[in-house]
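Undergrad: how would this look folded up:
(2 chains)
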Amino acid sequence: MELNTRVDNEIVLMQKKKNFKKRRDTWLLLIPTLAIFLFFFLLPLFFLFVTSFKTFDAGTGIGNQWTLANYIQFLSDPFYISVLWRTIKIGLITTIITIIISYPVAYQITKAKPRMKNYLTLLVLSPLLISMVIRCYGWVILLSNNGVINQTLMTTGLINEPAPLLYSEFSVIVGMVHVLFPYMVLSIMGALERIDPSIIRASKNLGASNLRTFVSIVLPLTLPGIFAGSVMVFSLSVSSFVTPSILGGPQVKVMSYITYEQVAVMMNWPYGGAIGFLLILVATITILIYSKVLSKSEKGVAIQ
Amino acid sequence: MGYLRINNLVKTFNRTEVVKDLTLEISKGELISFLGPSGCGKTTTLNMIAGFLDVDGGRIEVDGQAVHLLPANKREMGMVFQNYALFPHMTVFDNIAYGLKLRKVSKVEAKKRVLEALDMVRLAGYEKRYPKELSGGQQQRVSLARALVIKPKVLLLDEPLSNLDAKLRQEMREEIVDIQKQVGITTIFVTHDQEEALAISDRIAVMYEGRIEQVDDPITIYNQPKTDFVSQFIGEVNKIQGVVVGGENGNESRVNFYGDEQLLPFQLRTNEKLDFFVRPEKIVITQKHEGEGFQSIVMKKMFLGAKTRYFLKVEDKDLIADIPNTALNPHSIIEGSKVQTFWQAEDILPSRNVR
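TA: Numbers count the residues shown, from 1 in each chain, chains lettered A, B, ... in the order given. Okay, the predicted model is just below:
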């Protein structure tokens, strides 16, 4: 009897040791990533946050007094508000366009034969293999006043003067969609591949047409993929700098551009910090609202 | 008069015919099983009936109307899938109501029918659950309710029990038969499990390499297999060599098995070496060393509860005999001893050398 309890205790102790070891190993594996995340992302972000509440000092950049002036200045100036709105607007339009053009692509790729699937995926990913700057200048060549598109339209006599394609929100959105749609395709593909083909058959068997099956079954089941893709595309597009700088120029100012102006040109670190922080805040709120709308439209997705 | 008629059905994948000129008539209210090893074309045939695969030749008729060119959503067939295939984002209620909604059934009527269907599969009260919250057996019942609620012309079951554990599988198969008889629906049940097929079917179509080898009721399939494949696929069987030594008259022949001559009720050609099939439970062994039959050696025995399995050797040939423990005390025979081995003339079948 006594022996039994002793053995039992030993087993429990061994079990505890094993569990502890398992947990320790998990943390060990996470340490490198956590360290990078902490020291090179969270900590600088925290300093930036603190800085955004400091006054501007022409000599050192960051003053000594605490102030809310940076935020008040931004929120009370219609110019800055319009930049914020434009950034969000470009982000939303880019997201919507990428969803619309990526879904059919993802759908076809998942239906393709394995070898074809590999080639098509590579093709979709190809924009990511080319430098952002080179790709943007490619668009400049196409869209500028004496670029390919305007030249063609003018020689065919469709227009008399070059259309202002470049340095507009249009050109920025075109550039963004081009860079960001692979992210959307990949995440929608992931969602489509997780759908069991017999579910589609079941729907047809019960009398649903292809369209009805898509609307009632396929689309709801891929909403999580659309959401994941949207979060990526939206946050990458509102924070992008190269594409709006080259394709929008000074005419189409976005948040990252004016942050850059404040920090690198005016040396006004506190104000730059405030702008950066407002962008993070607004982007987060937008994503939260977006996810609420999505989950409202299809309750079951949360269960998936 | 067949309710579901399949005429000369052909399906080709990559230039190989996986379904070859298949013809079958199924009467109204019948439960027929497609039984065969994997790759025999049974699921392919089912998918062609359901409309998931195009037909490469032949026709399929339901109630006198050709359906083989209709798309799957116009065929009015209910299907239950091996992996249940419930819509994960819909509740049990919405899953079952899906087909009714598509048929524009009024909300009140739909609700009534869904609840009736849930009652029938003994899942009343589960309508608000999501598929993920149900066990495998419960999911399969929802799947059955979803297929039946639209009152289909034919019910198609694609290995519906193979993902369930053994005990549940038996319960579910009885339940499926009960419901099938109660509703009186024409049903095709695809399975590779012969016990399942024997237990539930009105008729079994044994399939092999894209052909139907034999269509008969389970008892006939088991006792009077028409081809060598059916003999060997259904149940266990011993393959024994015999030499035909002479024919007595028109439809009897004398055959020599390991030195013992037996008169069999078949007309066979004299002096021919032939394979014969006999089931383990039809072999009789005794400790007497005389009378009909031949001597064999007990190599091993295995106690299986109600019966004991004896592994016998005669000349170079291995035989299996299943003897009920009520007929022979398993203690009385030791391994290595000689036993007298025989069988009744009506329990042995000659090979047809069909292939």
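Undergrad: mind listing the helices for the stretch 201-350 of chain B?
TA: In the stretch 201-350 of chain B, the helices defined using DSSP state H, counting those that start in this stretch lie at B:218-223, B:228-233.
Undergrad: Looking at those helices, spot the one closest to A:Pro78.
TA: Closest approach to A:Pro78 among these (C-beta to C-beta): helix B:228-233, 83.2 Å. Backbone N, C-alpha and C define where each C-beta goes, glycine included.
Undergrad: coming back round to it: can you say which of the helices of the stretch 201-350 of chain B is packed in most?
TA: The highest mean neighbour count among those, using mean count of other C-beta atoms under 10 Å in any protein chain shown, belongs to helix B:228-233: a mean of 21.
Undergrad: What average pLDDT does that helix get?
TA: For helix B:228-233, mean pLDDT rounds to 91.
Undergrad: Over to stretch B:123-131?
TA: Here the average pLDDT along stretch B:123-131 is 93.
Undergrad: do the same with stretch B:27-47
TA: 94.
Undergrad: First-to-last residue distance for that stretch?
TA: 19 Å (C-alpha to C-alpha, to the nearest Å).
Undergrad: And for stretch B:47-63?
TA: Taking C-alpha to C-alpha, stretch B:47-63 runs 19 Å from one end to the other.
Undergrad: nearest to chain A, of the helices of the stretch 201-350 of chain B?
TA: For chain A, the closest of the helices of the stretch 201-350 of chain B is helix B:228-233, at 27.0 Å, according to C-beta to the nearest C-beta.
Undergrad: Quick one: name the residues of the stretch 151-300 of chain A near chain B.
TA: A:196, A:198-199, A:201-209, A:212, A:216-217, A:220-221, A:298, A:300 (C-beta under 8 Å from any C-beta of the partner chain).
Undergrad: let's see 6 Å
TA: The interface of the stretch 151-300 of chain A toward chain B, taken as C-beta under 6 Å from any C-beta of the partner chain, is made up of A:198-199, A:201-202, A:204-209, A:220-221, A:300.
Undergrad: Return the closest of these with respect to B:Gly99.
TA: A:Leu206 (3.7 Å).
Undergrad: Now for that closest one, how many residues are close by?
TA: 28 (other C-beta atoms under 10 Å in any protein chain shown).
Undergrad: Can you tell me, leaving aside adjacent residues, what's nearest to the residue in the stretch 101-250 of chain B that chain A sits nearest to?
TA: Using C-beta to the nearest C-beta, the closest approach of the stretch 101-250 of chain B to chain A is made by B:Leu102 at 4.3 Å. Nearest residue to B:Leu102 in three dimensions, chain neighbours excluded: A:Gly207, at 4.3 Å (C-beta to C-beta, 6 or more residues apart in numbering or on different chains).
Undergrad: SS state for that neighbour?
TA: At A:Gly207 the chain is in coil, as set by DSSP: H, G, I helix; E, B strand; the rest coil.
Undergrad: Pretty sure it sits against B:Pro71.
TA: No - between A:Gly207 and B:Pro71 there is no contact under C-beta atoms under 6 Å: 10.2 Å.
Undergrad: Tell me which of the two has more neighbours.
TA: A:Gly207 (21 against 11).
Undergrad: so what pLDDT did that one get?
TA: For A:Gly207, pLDDT reads 95.
Undergrad: neighbours around A:Asn64, how many?
TA: 8.
Undergrad: Who are the packing partners of the helix or strand hosting it?
TA: Here A:Asn64, judged by DSSP states H and E, is contained in strand A:61-66. Packing contacts for strand A:61-66, counted by 3 or more C-beta pairs under 6 Å, 6 or more residues apart in numbering or on different chains; DSSP states H and E, involve strand A:54-57.
Undergrad: quick check: mean pLDDT across the strand it packs on?
TA: 88.
Undergrad: what's in contact with it?
TA: A:Ile62, A:Gly63, A:Gln65, A:Thr67, A:Asn268, A:Pro270 (C-beta atoms under 6 Å, 6 or more residues apart in numbering or on different chains).
Undergrad: May I have the strands that pair with it, each with its orientation?
TA: strand A:61-66 (antiparallel) (DSSP bridges).
Undergrad: hmm, who's touching the strand it pairs with?
TA: In contact with strand A:61-66 (C-beta under 6 Å, 6+ apart) are residues A:Thr51, A:Phe53, A:Lys54, A:Thr55, A:Phe56, A:Asp57, A:Met267, A:Trp269.
Undergrad: try 8 Å
TA: Strand A:61-66 has contacts (C-beta atoms under 8 Å, 6 or more residues apart in numbering or on different chains) with A:Thr51, A:Phe53, A:Lys54, A:Thr55, A:Phe56, A:Asp57, A:Met267, A:Asn268, A:Trp269, A:Pro270.
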